Structure formats: C-alpha cells, structure tokens
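1. what's the 3D shape of this:
(3 chains)
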Amino acid sequence: MEIPRHWRLKQQRYGLVGEVCPHCDYKIFPPRDVCPNCGDEAKTLYTFSGKGEVFSFTTIYEAPTGFDHAAPYTVAIVKLDEGPMVTAQLTDLGDQPIEIGMPVEMVTRKMRNDGDERGVIVYGYKFRPAVVAA
Amino acid sequence: MPNTLLTPNRPVGIVGYGSYVPRYRIAAREIARVWAGSKGGLPVKEKAVPGLDEDVITMSIEAARNAMLRAQIEPAQLRAVWVGSESHPYAVKPTSTVVAEAIGAVPHIQAGDWEFACKAGTEAMVAAMGFVGSGMADYALAIGMDTAQGKPGDALEYTAAAGGAAFIIGPAENALATLNASYSYVTDTPDFWRREYQKYPEHGVRFTGEPAYFQHITSSSKTLMAELGTTAKDYQWAVFHQPNTKFPQRAAQMLGFTPEQIAPGLLVPVIGNTYSGASIIGLTAILDIAKPGDRILLASFGSGAGSDAFDITVTDKITLRAGLARKTQEYIARRTEIDYATYARYRDKITMK
Amino acid sequence: MTDVILAGIGQTEVGEHWGIALRDLALTAIRQAQADSGGLEPGALFVGNMLAPNLSNQAHLGVLLADHCGLRGIEAVTVEAAGASGGAALRQGYLAIKSGLVDVALVVGVEKFTDQVGAGVDAAVATTSDSDFEAVQGLTATGQAALLMRRYLHEFHVPAGGLAGFPLVAHANGAGNPNAMFRKAIKPEVYSKAEMLSDPVNLFDAAPHADGAAAVILTRADLLPKEFSHPLIKIAASTVSTDTLALHDRHDPLGFWAARESVEAALHKAGIALEQVNFFEYHDAFSLYAALSLEAAGFAARGEGWKLAEDGSIALKGRIPCATLGGLKARGFPGGATGVYQAVEAALQLRGVAGSCQVAGATFGLIQSLGGPASTSVVHILEKIG
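-> Below is the predicted model:
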C-alpha cells in the first residue's frame, strides 16, 4: 500500500496545484520548490487553470500492473496555458481523433487502485478534449 | 394541520449550480436487442454511461467546480460539502472529503455523505437550507450524483444512468434563485431497495408506481403549494423526479402542470434516470434558460420512500452568472454511443473472478 | 596522467535465459573477462544493474557477485542509472583506476529480466521514470519513446517508415554477432507490417528486454601481465551528463541535451574531432533514440538523424557505422548490462576481431549508454593505442 505517498500528493493530483515563483513569476508544475527559471526559492502555491493543448500523445496497449483494467488508454504530454508541460492520460475521447495542438482541459478522475479493488482509489488529473467554450 | 413547511430563519437561495453528464450513451433499443428480442416499449431513448475512470466522486467534483464558477465565491467560504448518492464509491470513507479537497474547500468544513435512494441530493439541499438559513453558515454545497446500476435484463437496466448536479446554497441576497420554502413527505414504503453486499437493487415492479412514486411526489407538491397558497399556474417551470419518461409526465398532469412547464427539465429520455441527480439535474437545465422572476416547483422522490418539494424564485443574478459554466444541454450534446458489450465493460458487468 | 587500459572482456549470449540465475550469468562474463586479461586479480567490483531489487527481489549485488565469483572480500558495489547503469558502472571503474586508488577494477553489467513475466516487468521498468508524475499516469518506457517519436515525426515531417533503417541495420549487423539475441537480417516489409506497441512505436522500433551479462577488466598499462597479447585499448574519455528525469520538465524534449553534452565533453577530453570517430555504439532502446542520439552527437543536423539510417551512413561500411554488433535492437537490451556490452563490443572492433561485423581500421570507438530518454547519458571513447 502506498497510502502516504498518494495522500501527500493529493492537492497536486486533484486540483493541479503547483507553484509560482515570487521572483520571476514563472509557473511551476509539478511543484519543486526551486524555480527552474531563475533558481530562487519558489514555494507560493498556484492553482493552474487546467487548460492546455496536446504536445504529443500515444496509446498504451500493454499496460503495466495496476493499469490493465483501463487498457488501451491514451497518455499525452500536455502544454498548459500557463507554460509548463505535464504528463497525463487523455480521457473521454469517445471516437474523437486526437491531434497535436488540440485544446484539452483538466478533469479529476480515477487513476488506479492502490493495489487491488480492496485498496484506496487514487484520484488525479487527466485531460479531455475541451467540451465547448464555457 | 400545523404549518409543516420548512422555511429558513433568514432568506436563502441557490448561489451557484452545476451539473455533470458523462459522455457515453447506450440506446434503450440496444439493451432490448440483447435482453428482450427487441420487443416491448422503451422507457427512455438512451441513458448516460460513465467512462471507466468515472465514479460519484469524480462526477461530483466536476459538478461542484461548475457550481463554484457560477457562485463566484472562494472555496474557503464553504462551510459544508454534502454529497447524496446511492452509489458512493466506498462503503466506508466519505465521498464528500475527496470532493471538498479537490475544490479546495478543506479543512474548515462540515462534510458528509447522504443516502435516501433517489432523493439523497435534495436531502442535502434541505439540510443546507437549514444550515445557511439558521445563520450557522454562509455557504453550503449540496450534491446529488449517481452512477446507478440495473441488473442486466431487468426493467431498471434501461434507465439506470449516471449524472447529477451540485448546488451552493447561500444568503438570498447573493442568490441566482431563492429557495422560498421546502416540504418533505416521508413514509415507510418498500418499493425499491438494495441490501448490503448486493450489486444490484430489487424493486416492487408495479408497486413502485401508485403507492410509492405518485403518492409521495403528489403529496409533497400539493402540501407545499397548499401551504404557500399557490397553484400550478403560479409556476413558470416544474421538475419532478424522473425515473422514466411517463412518471413525471403523469405526475405533472395530476398536479395541473402542462407539458410545456416540465419540458426543459425533462431530461430522462436522453440521459436516463440519474437517481439522486434526476430531479435536480432537471432543475439545472431549467436554470440554464430561466429568466429573472420565474417561479419553479421542484419535487424529488426517493424510494423507501419520500419526496422533497421546493418553491424557487429566479433572481436577476441569473442573467450574469448562468453563463459562467458549462450548461447541462452542452453536456447532453457531447455524446458517444456505445454498444452493449462496451457498456458491459464500462459498467463492470463482466465477471473477471 | 594514468591511462586506463581495457585489459579483459567477457560476455554471455543475450536472450531469455530461463534456466540461468543472475549470479551465474555474471559469473560466466566475469570468468571470461579475467581469463581474457591474462588472469588479473581485481581489487574492486562495480556492478551495473537496473532492476534486480524489483524483478529478482535481490539487492546488494556487489557482495552477492563478489562472493559467488570467487572474489570474496574485495570492494564491491552496485551502480544504478536505469538503462545507463552499465555505462555508469564502467565510469566508476575508470575513476577507480584513474585515481590510482585501485590497481585492477572489474566492471560487470548484469540484468535478469526473465525472473518475472507479465505486466510487472513493464511496471518495474516504469520505475525508472518519474514515479509520482509519469508512471502514475500509466506511462511506460515505450510510451515515453512513443510521445517523443510522434512529436519528432510531426515536427520534422518524417515520412511513414522513416525510422525503419535503424532496426534494419541493427538486425543486419546482429546476424554476425554470435552473442546477439537476433542473428537474422529483416526485410523492410517486416518492419512496415509490425504490430504497434504504443503508436507510433512498433515492435521493431523497440529493443527487446533480455537477460545478459558483460564484464570488463580495467587496469594500468604497467600492471598488464607479460604475456598480454591483445592490442592495447585505453579509455580516452569518460563523461556523464544528466537531464530532467521527467520528459515533461524539458523545454526541448527532442534535444536530448544530456546526450549532446556528454559527447561534446568526451570529444574534448579525448582531444579528437567527431570526424575521427570510427564507429558509434548508440543506445537504440528505440529507433527514435538512435536518431536523436545521432543528432545530439553532431553526426546529423536536428531533425535529420533518421536520414542517416535511410542513406546507409550508419551501415558497417558507411560514414559512421552504428550498432555494429546489432545494437540494443538485435543484440538485445539487457538493461543495466547494456553499457558494458557496448564496451566489450567496442573492444572487439578495436582489437580487429569483430568478424563479419568488423569496421575496417577502427581506432576510436564512441559508446553511449542512456538511462531513460537520455535522462542520464554516459559516454566513453575507447582508443586503440598499440
């Protein structure tokens, strides 16, 4: 069981909470406490909008342990509107084709079970094709 | 008879609302093809099916986020997150804590899960009215959400669907719609139930109609209107719990409402019965199109059995805030039809061990 | 300063060794290397391994192998840098000799993939990515390569099948390597019909995980046995660079920054120009990584690495022969042993005993061991000095 690890990351996972550098305003996700842009300390929490576009994507047919239930599934690198890129599954695709540059939005979804169906459910960010402009 | 209305000490209303309907649909005729030789009438056209990575927690989070967008308040202003459902992902561990965490409302909150078959969501709303109306809190989030399961081949399988709505209840002066009064009508009537450890519910077939649904939903609505001195003509819109297409239509007729009054909230033909979400997601579709001054009657129904009726008046704040989040019809328009085999996989109906 | 001499080499056949334990694979390679060196007695053992704690439930490989291979008592540690573990272990051996603190160093790379079967192997390999932010999304090592490959095809307008040349060359060369997992050339249509693993990466774009062990003995020239008869090979440069662990943290994921930096630094240290390199053992865990490594090293312009596979430049008689004994694709990809296999193969080339895979007149061999998508890059330049 990896309860503490998933628990510790819940803010980032559920709500895409990262950091903003107080010195250069660089937006940081995942949080790393040191600004990758200017090198200064950056611990100010910053909630990302969840809007972004597909930088690249692939479909995983042979899933590693813990993900077989969901295979085949699509994983992408998403470039967030605020700058950073993030690795995440794409969901709610239906029969919609995916393209590089396609606008996507963050949703919170089930990622996996911690262990089997007796373990806690790990929730976290995924992205889906933007439904319509709100 | 004493005054049985539930009215708050200070005026309260809906400050924000949001809905969620998953993307996938299965047509009732597809279910009939597999289980009924394509014979017989169909209670709905199609129903909404959640994806493999969705459950009441994830769907509640999305509806709550939509409600927060319209409410335009800070998450820390919420004093309660309450989720009503009959399909909470855990037997023990709250749905509400995950939802509260995800929208950033922790830790200074009340949180809890509600269960009363299909009216768990309106139970949470009534509680929120009291919580805010008493002055104990300024804002409370009440959600009704389900990923309902019907036994394969059972009549319920045609309708048991996924979806729901979230409401932020707060002071009337900041509301898009005021909650003027509520009335609840409850008896012990075993029309539908699910025992512990059972995956699928049982139901009383025709017993679910007259003594259960119609008795409770018309009693709650009639009493509410009698005590308020209103009639069907005083309302622009009405929405009744919608387990299938016919029941809410007939309830409306019995109470003197026209088909036009219930049309915008009657979503069951295209999304199915979303259980705890069924009546209130209809309310969101009405609010999406409502004008300031519109009066709305909402009546839920929960098996076992009870009905909560609400008298609601839309305020001028609806004009600016309804458009701040995705509308219910936009979710309904986002649809991908799936076949029975895909549905069986998505709904975990294929036994692996 | 002291030259580090590559005095002995050993390797097992790469493949699915169901019946052979990790320790016995290592033993075979170590015995061979010791014998090849004329019986040098190592004073330190550096083990390159990626996944034994995970796949074999076996940590503490240093003492396990020292004990099992008749070296009980000597300094022995494991070096881990994912797929670059072998290269990283080789560098530890190099540093030990270079420092003068160790007279004879034994470097063994060993990996035992087949102790487990099924989805657990992919999960184990995925632990070499960012567990909290990549693997948790169900991303695999093949998935990472696929993300890069799709972007590469998109940005540089590479035609369908544009990377086919990499596995074709690897398999053609593997046919001449008795220790290769695959010793048969493949036809272009085999590539174009291959099953998709993680689109656009197909079965032939991904090197096969396999078991294997390779070992080298490093020492100083003055300590070589009198009867030592092999041509002398020195390690002319040893460098390591690291990038971000997670792909998404890179400003330019297709840049393979660490791969570029480590090659540039190695050329500088060896005091040679890129044009003097006679062959390049790149880390072709995926076809795309071969293309990106060629670009990063400077053999091709950005976005044009794939053309070197198309036009024959990387073939044995081409401008810059690569994967000369099959590379990861055809020799096989024995995880943390891979970087040591590269050293062994480079030594075969420089000694002039690579048989039908021989690159004529080779003096400088460039070998590059990558961990993940060039998250770690370890580069060595081997030079024939007599």
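
2. Contact partners for the residue in chain B positioned nearest to chain C?
-> Relative to chain C, the nearest point of chain B is B:Asp53 (10.5 Å; CB to the nearest CB). From N, CA and C alone the C-beta is placed, and that goes for glycine too. Contacts for B:Asp53 (CB atoms under 8 Å, 6 or more residues apart in numbering or on different chains) come out as A:70, A:89, A:91, A:109-111, A:126.

3. overlap between those residues and the residues near chain C?
-> Among those, proximity to chain C is found for A:70, A:89, A:111, A:126 (CB under 8 Å from any CB of the partner chain).

4. Let me have those residues in TSV, extended by neighbour count and secondary structure.
-> Formatted as TSV, the ones next to chain C among the contacts of B:Asp53 follow (neighbours: other CB atoms under 10 Å in any protein chain shown; DSSP: H, G, I helix; E, B strand; the rest coil):
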residue	neighbour count	secondary structure
A:Ala70	18	helix
A:Gln89	26	strand
A:Met111	23	strand
A:Lys126	26	strand
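
5. Take these and lay them out in TSV including distance to C:Val379.
-> Output for these, formatted as TSV (distance: CB to CB, whole Å):
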residue	distance to C:Val379
A:Ala70	39
A:Gln89	35
A:Met111	37
A:Lys126	38
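
6. Return the closest of those with respect to C:Asp67.
-> A:Met111 (42.1 Å; CB to CB).

7. mind checking how far that closest one is from B:Thr58?
-> Using CB to CB, to the nearest Å, we find A:Met111 at a distance of 10 Å from B:Thr58.

8. Please enumerate the shared neighbours of those two.
-> Contact criterion CB under 8 Å, 6+ apart; residues shared by A:Met111 and B:Thr58: A:Tyr123.

9. residue ranges of the strands in chain B, please?
-> Under the criterion DSSP state E, strands of chain B are mapped to B:12-20, B:24-27, B:46-49, B:78-84, B:110-114, B:139-147, B:162-171, B:177-189, B:192-193, B:202-203, B:237-240, B:295-299, B:304-314, B:336-337.

10. Report the separation between B:Val12 and chain A.
-> According to CB to the nearest CB, to the nearest Å, B:Val12 and chain A sit 26 Å apart.

11. Dump the strands of chain B to CSV, plus distance to chain C and mean pLDDT.
-> Formatted as CSV, the strands of chain B follow (distance: least, CB to the nearest CB, whole Å; pLDDT from 0 to 100):
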stretch, distance to chain C, mean pLDDT
strand B:12-20, 22, 98
strand B:24-27, 20, 98
strand B:46-49, 22, 98
strand B:78-84, 25, 98
strand B:110-114, 26, 97
strand B:139-147, 22, 98
strand B:162-171, 23, 98
strand B:177-189, 40, 97
strand B:192-193, 38, 94
strand B:202-203, 37, 92
strand B:237-240, 39, 98
strand B:295-299, 40, 98
strand B:304-314, 40, 98
strand B:336-337, 21, 96
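
12. for the stretch 251-353 of chain B, what spans make up the helices?
-> B:259-262, B:268-271, B:278-289, B:318-321, B:328-333, B:340-346 (DSSP state H, counting those that start in this stretch).

13. Can you say which of those is packed in most?
-> With neighbours taken as mean count of other CB atoms under 10 Å in any protein chain shown, the helices of the stretch 251-353 of chain B reach their highest mean count in helix B:278-289, at a mean of 28.

14. got a list of what the residue of the stretch 101-250 of chain B found nearest chain A touches?
-> Nearest residue of the stretch 101-250 of chain B to chain A (CB to the nearest CB) works out as B:Ala102 at 3.9 Å. By CB under 8 Å, 6+ apart, the contact set of B:Ala102 is A:14-15, A:108, A:123, B:61, B:64.

15. repeat for C:Leu51
-> So C:Leu51 contacts C:111, C:113, C:124-125, C:127, C:335-336 (CB under 8 Å, 6+ apart).

16. hmm, back to that, state the phi and psi torsions of the residue of chain B closest to chain C.
-> Per-residue torsions, B:Asp53: phi -100, psi 20 (degrees, to the nearest 10).

17. if we can go back for a sec, for the contacts of C:Leu51, which one is nearest B:Val132?
-> Comparing the contacts of C:Leu51 against B:Val132 with CB to CB places C:Thr127 closest, at 48.8 Å.

18. Go ahead and confirm that closest one touches C:Glu134.
-> No: counting by CB atoms under 8 Å, C:Glu134 is not a contact partner of C:Thr127; they are 10.2 Å apart.

19. Between the two, which is the more surrounded one?
-> C:Glu134 (28 against 16; other CB atoms under 10 Å in any protein chain shown).

20. What does the pLDDT read for that one?
-> Listed pLDDT for C:Glu134 reads 97.

21. ok, C:Leu348 touching C:Tyr341?
-> No: counting by CB under 8 Å, C:Tyr341 is not a contact partner of C:Leu348; they are 10.5 Å apart.

22. Which of these two has more residues huddled nearby?
-> Between C:Leu348 and C:Tyr341, counted using other CB under 10 Å, C:Tyr341 has the larger neighbour count: 33 against 22.

23. which residues sit in contact with the residue of chain A found nearest chain B?
-> Residue nearest to chain B within chain A (CB to the nearest CB): A:Gly94, separated by 3.1 Å. Shown in contact with A:Gly94 (CB under 8 Å, 6+ apart): B:23-24, B:335-336.

24. Export those to a markdown table and append columns for distance to C:Val378 and neighbour count.
-> Below are those laid out as a markdown table (distance: CB to CB, whole Å; neighbours: other CB atoms under 10 Å in any protein chain shown):
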| residue | distance to C:Val378 | neighbour count |
| --- | --- | --- |
| B:Arg23 | 46 | 22 |
| B:Tyr24 | 48 | 25 |
| B:Arg335 | 52 | 17 |
| B:Thr336 | 47 | 16 |
